[in-house]
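Participant: No letters, just coordinates:
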């Protein structure tokens, strides 16, 4: 299977279509962590996350076996799009379950240790700021929280975000803009300082 690790995604898709099941195992290994993180951030109920994660790969397998995937070099974005659609379906089925906890998440939105050297006091203040940002991001509407996650946590371009979520680039940019405005507004209303003095 080592020779498969060096293959591009589209080559692996082709090999899988030809009956080499190990090719899909390599694709699964490449994208499982990123995809699971995305689903967890949006849904945040572990049992639902696990179901959507599994269903995403089942749907991908079925589509690949039918020859329904068009090679475009964006296999990861295609998987994320499948997961996104399954998340939307889940939210539609259970409107009351769309507000969930993300307490297990340890992702830092603005943490970049390379920007400065910190003493213990600065590290403690910075830790509090990161916790405040995570809390504020959790309070955003679903569509804004999703764009923030895709942009800052998954490092996706606004074009990729627009493709995955099925909206225009301007809508994706607008959601990010409103997310930042809402974070600033909530921080101000709650007397939360998001910068080091």
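Facilitator: Perfect, I can see it now. Everything quoted here is computed from the prediction, not taken from an experiment.

Participant: how about low-confidence regions in this structure?
Facilitator: 1, 71, 94-127, 129, 194-197 (pLDDT under 70).

Participant: quick check: domain ranges of it?
Facilitator: The chain breaks down by automatic domain parsing into domains covering 2-97, 113-189.

Participant: would you turn those into JSON lines with mean neighbour count?
Facilitator: From N, CA and C alone the C-beta is placed, and that goes for glycine too. As requested, these are exported to JSON lines (neighbours: other C-beta atoms under 10 Å):
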{"stretch": "domain 2-97", "mean neighbour count": "16"}
{"stretch": "domain 113-189", "mean neighbour count": "16"}
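
Participant: Which stretches in this structure count as helices?
Facilitator: Secondary structure of the chain, counting by DSSP state H: helices at 2-5, 9-17, 22-43, 46-66, 75-93, 120-138, 142-148, 158-165, 169-189.

Participant: Now do the same contact list for the most centrally placed residue in the chain.
Facilitator: Nearest to the geometric centre of the chain sits residue 38, at 2.8 Å (C-alpha atoms, centre = their mean). With contacts defined as C-beta atoms under 8 Å, 6 or more residues apart in numbering, residue 38 is in contact with 80, 83, 149, 150, 153, 154.

Participant: Okay, it and residue 150: tell me how far apart.
Facilitator: 7 Å (C-beta to C-beta, to the nearest Å).

Participant: and if you look at residue 180?
Facilitator: In terms of C-beta to C-beta, residue 180 sits 14 Å off from residue 150.

Participant: May I see the contacts of residue 38 arranged in TSV, with distance to residue 53 as well?
Facilitator: Putting the contacts of residue 38 into TSV (distance: C-beta to C-beta, whole Å) gives the following:
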residue	distance to residue 53
80	12
83	7
149	16
150	17
153	16
154	15
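
Participant: Let me know the closest of these to residue 189.
Facilitator: residue 149 (22.8 Å; C-beta to C-beta).

Participant: residues contacting that closest one?
Facilitator: 38, 41, 42, 137.

Participant: Next, report how far stretch 131-147 is displaced from the centre of its chain.
Facilitator: 13 Å (C-alpha atoms, centre = their mean, to the nearest Å).

Participant: mind checking the end-to-end distance for that stretch?
Facilitator: 19 Å (C-alpha to C-alpha, to the nearest Å).

Participant: Please apply the same query to stretch 141-160.
Facilitator: Across stretch 141-160, first to last residue, C-alpha to C-alpha, it's 20 Å.

Participant: so how far is residue 80 from the closest residue in space to residue 4 that isn't next to it in sequence?
Facilitator: Nearest non-adjacent residue to residue 4, counting by C-beta to C-beta, 6 or more residues apart in numbering: residue 26, 4.7 Å away. Computed as C-beta to C-beta, the residue 26 to residue 80 distance reads 18 Å.

Participant: Residue 149 now?
Facilitator: For residue 149 relative to residue 80 (C-beta to C-beta), the value is 11 Å.

Participant: my guess is the residue nearest to residue 4 contacts residue 3, does it?
Facilitator: No. Residue 26 is beyond contact range of residue 3, at 9.9 Å (criterion: C-beta atoms under 8 Å).
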